[in-house]
Structures are given as structure tokens and as C-alpha cells.
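Novice: can you look at this prediction? I've put the sequence above it.
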Amino acid sequence: MASKGAELEALIQAPEIVITPGVYDGYSARLVEKAGFRTATISGAGASESRMGWADRGILGFEQNLDNARRIADCCDLLLQADADTGYGNAMNVYFVTRAFEKAGMAAIMIEDQVWPKRCGHMKGKQVIAAEEMVQKVRAAVDARQDKHFVIKARTDAAGPLGLEEAIHRLNLYAEAGADCLFADALLDAESIAKVAKSVPKPLSVNMGLGIRARPTTPLMTPKQLQEIGVAQISYPRLLSTAALMGMTKAMQVFKEEYVGQNKVVDRPDLQVSFDELNDLMGMDFLDEIEQRYTGG
């Protein structure tokens, strides 16, 4: 039986582009799996925002991130790709961080070359570490993995602060260091994406920032368009977190204005899933079966 890393590696190497919705908790992971997707990226931003209540500015720490990833892995069979930010230290730290995420059930880990505390790739003010320092982090991640197919994804944020050519240069260095998949974040146009894809020797992954309308960076493109210019994998890290927040915002507005404000009972099935739908998604049938098997309850 192929390992999770081997299965993900095969998907990334295949001709057809891999679509990976972003997940951040049990709800989102189960929804993505129910929709038929095989892999998902764990959104560091989504985890920071939902667990910590703070923007993606390095507030979420290693243990909190790891615990969140482990819990998501425990409730689904998705091939999960962890976001390990900058690796939480130097190359030595990256070694043990990689081991920990692999043991937690991940199929891949992504490490970026930002200065800590990092910030979301679509925020202003990003800075990057020296390329050679990141090379050592990639080497440490490669050496640390116990399954040779566990996917090491190396991300550069250099395009914004240092320019596209530097981003390409760095990705080639990271590929030489052993990265299996490369990720250039916040590229500003389709031509830049195509140039990067043609200039690197390993599969390229990009983000599509659905939900970042007010501050566009990478242009929104379809999977087919991205596949045609050489992209191997595409992630939608904010699709579900922003949709969830929009749904909660609308529900709270109706609750405050109508239920509380007008002192009347308001039931809005269009704003909330039913109790049965929630239980079905959350594995109630399996829990009932387990209870019946062992307790006869």
C-alpha cells in the first residue's frame, strides 16, 4: 500500500493539475472530503484566525499548529499538506518540525523563506531570509523525513520584495537542495506564473486568493488556464474560511436584528444546516456503529 506521501507525490507528478482546497478545522476537512477531493492544504492563516482569533502574522506557534494538523488528520482520510510557516527557527528546528508533522499524519510539509514573524503572503511588508539559510532548511527537511516520498514543499516570498528573477533563482536552489514541490507566492500576473513554471525543474504550486478582493495580488485564473501554463498544483487557502465567516456574519445579523431586536422567533434554514445534516457530516453513523458494536447501546 502506497504511503500518503507517495500517493500525493503521484498526484503532483501527474499531467492533470491538482486542486487543493484549504482546510483549517474538522468542519472544513470533512466538507472537502465529502466533495470528493483527495488532498487539501491546511491553511496557516485559517488556523491562526479560527484558533487564535488573530491575523496571519506569526501568532500561531509550532505546537498549536501541529496539534491542529493532527486533529484534522484524525477526522479524515485526506492527503493533508501542512503549512509549517518558516519552520519555527533555524535548520535544526526544521529537522524536528518536519519529523513531527510527518508523524502527525501529513503527506507534505511546506516551509517558506520569510523572516519570522512571518505574515500572510498577500500582506505588505514581507521580508525574506538569505537564500542559503533557506537552502539549509530544505536540506534539513529532506534529511528528517522517514518516508522518502513525504513531500517537501519549498516556498519563496521573494517575488514581492526582491523581484521575479530572485524568486526563480531561489526556487532553483531549493530544488537542488531536494525540495519535491516548489511554491512561488504572490506572483502578480499570468506571465510571471508561466515564466516561473518554465524556469524551475520541479512541479510548481500556486495559490488562488479567492476572498482577497480588496487587495488583489496573484490574478484569479481557472485550473485549466494554470495547467496550460505549466502549474502542477493549485491551492485555495481562504475559500472555506472566508465563506464560513460570511455565513456566520449573516446569521448573527439576522439573529440580532430580527430574533433579538424584534423579539420574534426566526428560523432561517437558508442560513444554517439542519441538526441531521450536521450530525451526518460529523460521522454520527460511525459513532453509532461503534457504540452498538462494543456496548450494545
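Specialist: Yep, it's here.
Novice: now do the buried residues in stretch 123-133.
Specialist: 123, 126, 128-129, 131 (16 or more other C-beta atoms under 10 Å). Any C-beta I mention is one placed from the backbone N, CA and C, and that applies to glycine too.
Novice: which ones among these map onto helices?
Specialist: Counting by DSSP state H, the buried residues of stretch 123-133 place Ala131 in helices.
Novice: give me the contact list for the helix ranked longest in the chain.
Specialist: If you go by DSSP H, the chain has its longest helix at helix 239-254. For helix 239-254, contacts defined as C-beta atoms under 8 Å, 6 or more residues apart in numbering pick out 21-24, 27-28, 31-32, 43, 45-46, 49-50, 210-211, 266, 268, 271-272.
Novice: mind checking which of those are buried?
Specialist: Buried among these (16+ other C-beta under 10 Å): 21-24, 27-28, 31-32, 43, 45-46, 49-50, 210-211.
Novice: read off the pLDDT value for Arg213.
Specialist: Looking at Arg213, its pLDDT is 57.
Novice: show me the contacts for the residue lying closest to Gly44 once chain neighbours are set aside.
Specialist: Spatially, and ignoring its direct neighbours in sequence, Gly44 is nearest to Asp83 (3.7 Å; C-beta to C-beta, 6 or more residues apart in numbering). Residues counted as contacts of Asp83 (C-beta under 8 Å, 6+ apart) are 41-44, 47, 65, 110.
Novice: so of these, which ones are in strands?
Specialist: Judged by DSSP state E, the contacts of Asp83 include 41-42, 110 as members of strands.
Novice: tell me the pLDDT of Lys118.
Specialist: 85.
Novice: ramachandran angles for it?
Specialist: phi -70, psi 180 (degrees, to the nearest 10).
Novice: ok, it - contacts?
Specialist: 56-58, 85-86, 112, 126.
Novice: repeat that with 7 Å
Specialist: Lys118 makes contact with 58, 85-86, 112 under the criterion C-beta atoms under 7 Å, 6 or more residues apart in numbering.
Novice: from Ala177, how far out is it?
Specialist: 20 Å (C-beta to C-beta, to the nearest Å).
Novice: you'd agree Trp54 is up against Gly44?
Specialist: No - between Trp54 and Gly44 there is no contact under C-beta atoms under 7 Å: 11.9 Å.
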